[in-house]
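S.K.: have a look; sequence and predicted model below, questions after that.
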Amino acid sequence: MATDEKFVIIGAGQAAGRAAEAMRTQGFDGCVTIVGDEAYPPYERPALSKQVLIGEDEPDSTYVHQPAYYNEHQIKLKLGVSAKAIDRATKSVSLSDGTTLDYTKLLITTGSQLRRLSLPGSDLAGIYYLRGIDDSLAIRAALSTDAKVAVVGGGYIGLEVAAAARKRNCQVTVIEMMDQLIGRAAAPEIGTIFEAIHRGHGVDIRTSTTVTGFEGDGHVSRVLCGDSEPVDADIVIIGIGILPNDDLASAVGLATDNGIVVDEHGRTEDPDIYAAGDVTNHPNAILGRRIRLESWQNAQNQAITAAKAMCGVEETYAQVPWFWSDQYDVNLQIVGMPEAWSEVVIRGDTGALTFTAFYLQDGCVVGANAINSPRDIPIARQMIQRGAKIDAAALADPETSLRKLLKSLDG
């Protein structure tokens, strides 16, 4: 690589850290600069709603690399500064501190922004959102014993926050507008099980309930729920999803569609601009459609693929989506991203919370949820990749080896 080449990475999250690492691993010896609007070096987010939130870990445990790594590998960090605009003609990026960075190739890893509520009282003190380290630390400080905590949103983040708050001996109510928990990503059977888990830990669950506003004298004290009973709250944590931060790309005419549109290498329409992580809408040959993923796996692996492509090594990025969530002593792992399924096959003991739910469409495994059954995940991933039909009765029988089932596909 020519030493006068300049790679600029906009966004300083996990994807940025892994991309910069991959650039150096590939032998790129030009200038690498990461621009991020937070004060922290690139970090991973999963622990922010788990170990960091309850005080088991500190923020520096989430760093992709400790600060010394970037100095040792001559990677420049411009932190506390945001990118304001991209100029494709001059191949430069304007920053909020008034400076400009020139680039040979540009990687956008701006991630996502929170969906926010705009309701009466939504600006009251005591209402929090969880996205970054500062958010996690602020919520952690507010989770005092016996505090009344209302969690708006019954998805994975909301439920992880609820579990963390219960570990801090708070009184917790979860408010979800759908008729089940984690309803956007899991079958009703799974939502029912997680509702029982949280109720068993003392959480008040209110499904089919819409938040209409907040009340309080300068500080939140109640969550209004339309025709339902209001919820008393000292603290409100809102987790209702995220949106891709694709404004910089769309402003310079790059295609966006629920994220920045990229190819299988992470390349946009502009051959010198790439994108990776939560912000991208990318093709997945395994699933046979374009997707946008909000996951640790995607932030890391797509960023590595894009960085390699920027260095001239093109590999196709297509993986079976994988997610996980830890709540109390329950580990949930998810593979696949099915849009629909005709059957859910349960393998294991739901009562003992040791089972896997396989999602089948026309006899083929298109997804799986493993509850405290992590060994099933690699095999389920291969089943999804193969796209072959599996006998449902054999799949449900714990005495039948999953590996033998997979091997039987070879005929």
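M.R.: Yes, it's here.
S.K.: and the spatially closest residue to Gln297 that is not a sequence neighbour, how close does it get to Ala380?
M.R.: In space, and not counting its chain neighbours, Gln297 is closest to Trp322: 4.8 Å by CB to CB, 6 or more residues apart in numbering. Any C-beta I mention is one placed from the backbone N, CA and C, and that applies to glycine too. To Ala380, Trp322 is 10 Å away according to CB to CB, to the nearest Å.
S.K.: now do Glu44
M.R.: 24 Å.
S.K.: between these two, which is the more surrounded one?
M.R.: Legend: neighbour count by other CB atoms under 10 Å for Glu44 and Ala380, higher for Ala380 (29 against 17).
S.K.: leaving out the residues flanking it, which one is nearest to the more buried one?
M.R.: Distance criterion CB to CB, 6+ apart; nearest residue to Ala380, sequence neighbours excluded, is Ala368 at 3.8 Å.
S.K.: hmm, the one you found is touching Tyr359, no?
M.R.: Yes - applying CB atoms under 8 Å as the test, Ala368 and Tyr359 come out as touching, 6.6 Å apart.
S.K.: so where do the helices sit in the protein?
M.R.: 14-25, 51-54, 67-72, 133-142, 156-167, 188-200, 247-251, 296-310, 376-386, 392-396, 402-408 (DSSP state H).
S.K.: same for the shortest one, what does it pack against?
M.R.: When you say that, I think you mean helix 51-54. Helices and strands touching helix 51-54, by 3 or more CB pairs under 8 Å, 6 or more residues apart in numbering; DSSP states H and E, are helix 133-142, helix 156-167.
S.K.: which strands and helices sit next to the longest one?
M.R.: So the one you mean is helix 156-167. So helix 156-167, by 3+ CB pairs under 8 Å, 6+ apart, packs with helix 51-54, strand 148-152, strand 171-175, helix 188-200, strand 235-238, strand 322-327.
S.K.: quick one: closest of the ones you listed to Asn258.
M.R.: Closest approach to Asn258 among the helices and strands packed on helix 156-167 (CB to CB): strand 322-327, 17.9 Å.
S.K.: what pairs with the closest one, parallel or antiparallel?
M.R.: In the sheet, strand 322-327 lines up against strand 330-336 (antiparallel) (DSSP bridges).
S.K.: dump the partner strand to PDB, restricted to CA.
M.R.: Output in PDB follows, covering the C-alpha atoms of strand 330-336 (Å, rounded to 0.1, in the frame of the first residue of the first chain):
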ATOM      1  CA  VAL A 330     -31.100 -17.100  31.400                       C
ATOM      2  CA  ASN A 331     -29.000 -17.000  28.200                       C
ATOM      3  CA  LEU A 332     -31.000 -16.500  25.000                       C
ATOM      4  CA  GLN A 333     -29.200 -17.000  21.700                       C
ATOM      5  CA  ILE A 334     -30.800 -16.400  18.300                       C
ATOM      6  CA  VAL A 335     -29.800 -17.500  14.900                       C
ATOM      7  CA  GLY A 336     -31.600 -16.600  11.700                       C
END
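S.K.: just the angle for it relative to helix 188-200, thanks.
M.R.: If you take axes from the mean of the first three to the mean of the last three CA atoms, to 10 degrees, strand 330-336 sits at 160 degrees to helix 188-200.
S.K.: now strand 330-336: average pLDDT?
M.R.: Mean pLDDT, strand 330-336: 97.
S.K.: so which residues make contact with it?
M.R.: The contact list for strand 330-336, computed with CB atoms under 8 Å, 6 or more residues apart in numbering, reads 185-186, 194, 197, 320-326, 353, 359, 365-372, 374, 377, 380-381, 384.
S.K.: and Gln180, how far from Arg375?
M.R.: To Arg375, Gln180 is 27 Å away according to CB to CB.
S.K.: beta-bridge partners for the nearest residue to Leu101 once chain neighbours are set aside, please?
M.R.: Once flanking residues are discounted, Leu101 sits nearest to Val93: 4.8 Å by CB to CB, 6+ apart. Taking DSSP bridges as the rule, Val93 bridges to Ile86, Leu101.
S.K.: run a quick neighbour tally on Val93.
M.R.: The local packing of Val93 (other CB under 10 Å) involves 22 other residues.
S.K.: again, but for the one 4 residues further on
M.R.: For Asp97, the count of nearby residues is 10 (other CB under 10 Å).
S.K.: please apply the same query to Ala249.
M.R.: Close neighbours of Ala249, defined as other CB under 10 Å, add up to 27.
S.K.: noted, bye for now.
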